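[1] take a look and give me a structure for this.
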Amino acid sequence: MKQVTATGQTVEEAVESALAQLNTTKDKVEIDIIDEGKKGFLGIFGSREAIVKVTLQPDPIEEATNFLKNVSEKMGVNADIKIVRDGKLVTFHLSGEKIALLIGKRGQTLNSLQYLTQLVANRYSKQYLTIMLDAEDYRQRRNETLVQLADRMAQKVLKTKKEVALEPMPSYERKVIHTALMKYDNLKTYSSGTEPYRHIVISVK
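    Sure thing, here's the model as predicted:
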């Protein structure tokens, strides 16, 4: 966290001086007025400069990116990171050699990294951000696998008339299953259990 104490004839001048030193803009800093200053007699005698302390607020996306790079390097992966922001949704696209290490079995490592990255980003963000991590288009491939799984389990439930509980999944993966099964009018789905063991149950209506 960078911090600068600056002076000026007015508070505004002092702030502008601090912003120039930090090479940033007013919307990215926190301003603490230490002394509003005093003009003095005839603008000379008894005058006192204004003093402000300006603190540069950490950028949540930058902090999240640094966290990801640090963790990736410690895992022996030199990952390239491309960031796409859509409102409050921020997607980090990871690519590079050994990227499978960041995905893990059934995406478990990627999901854990996503959770931790979201914690880091929201620690510094004034508005809640939803963080999504993707590695070599794994999410798209996983979604296709989940849709196929949903259809297979739906057919099983329709044939046996017995409910089926799927493996625990993150909320966005459960949503894929729920959405895929909406086309079956005679089936119903619901989530059961507590995180991180929350899972979907498919049953006949």
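
[2] what's the helix or strand for the residue nearest to the spatial centre of the chain?
    For the chain, the residue sitting closest to the mean C-alpha position, by CA atoms, centre = their mean, is residue 131 at 2.9 Å. Here residue 131 is covered by strand 130-135, with elements defined by DSSP states H and E.

[3] partners of that strand in the sheet?
    Using DSSP bridges, the strands paired with strand 130-135 in its sheet are strand 89-95 (parallel).

[4] average model confidence for the following helix or strand past the strand it pairs with?
    Proceeding C-terminally, strand 89-95 gives way to helix 100-103 as the next helix or strand, assigned by DSSP H and E. Per-residue pLDDT values over helix 100-103 give a mean of 92.

[5] check the offset of the following helix or strand past helix 100-103 from the chain's centre.
    Elements were assigned by DSSP H and E; along the chain past helix 100-103, the next helix or strand is helix 108-124. Centroid separation between helix 108-124 and its chain, computed with CA atoms, centre = their mean, to the nearest Å, is 6 Å.

[6] same check, this time on stretch 94-104
    Average the C-alpha atoms of stretch 94-104, do the same for its chain, and the two points are 19 Å apart (CA atoms, centre = their mean).

[7] contacting residues around the residue nearest to residue 89 when sequence neighbours are not counted?
    With CB to CB, 6 or more residues apart in numbering as the measure, residue 130 is the residue that lies nearest to residue 89, at 4.9 Å, once sequence neighbours are left out. Where C-beta positions appear, they are placed from N, C-alpha and C, glycine not excepted. By CB atoms under 8 Å, 6 or more residues apart in numbering, the contact set of residue 130 is 88-90, 118.

[8] got the contact list for the longest helix along the chain?
    When the chain is parsed with DSSP state H, its longest helix is helix 138-160. Applying CB under 8 Å, 6+ apart, the external contacts of helix 138-160 come out as 103, 107, 110, 132, 134, 163-164, 166, 173, 176-177, 180-181, 184, 186-187, 202-204.

[9] mind listing what's buried in stretch 50-61?
    Within stretch 50-61, the residues scored as buried using 16 or more other CB atoms under 10 Å are 50-52, 54-56, 58, 60-61.

[10] which of these fall in strands?
    Secondary structure assignment (DSSP state E) places 50-52, 54-56 from the buried residues of stretch 50-61 within strands.

[11] now do the residue nearest to residue 161 when sequence neighbours are not counted, the pLDDT please.
    Take residue 161 and drop its neighbours on the chain: the residue closest to it by CB to CB, 6+ apart is residue 204, 5.6 Å away. According to the prediction, residue 204 has pLDDT 93.

[12] for residue 204, name its beta-bridge partners.
    According to DSSP bridges, the residues that bridge with residue 204 are residue 187.

[13] quick one: name whatever helix or strand follows the strand or helix carrying residue 6.
    The secondary structure element spanning residue 6 is strand 3-8 (assigned by DSSP H and E). Using DSSP H and E, the next helix or strand after strand 3-8 towards the C-terminus is helix 11-22.
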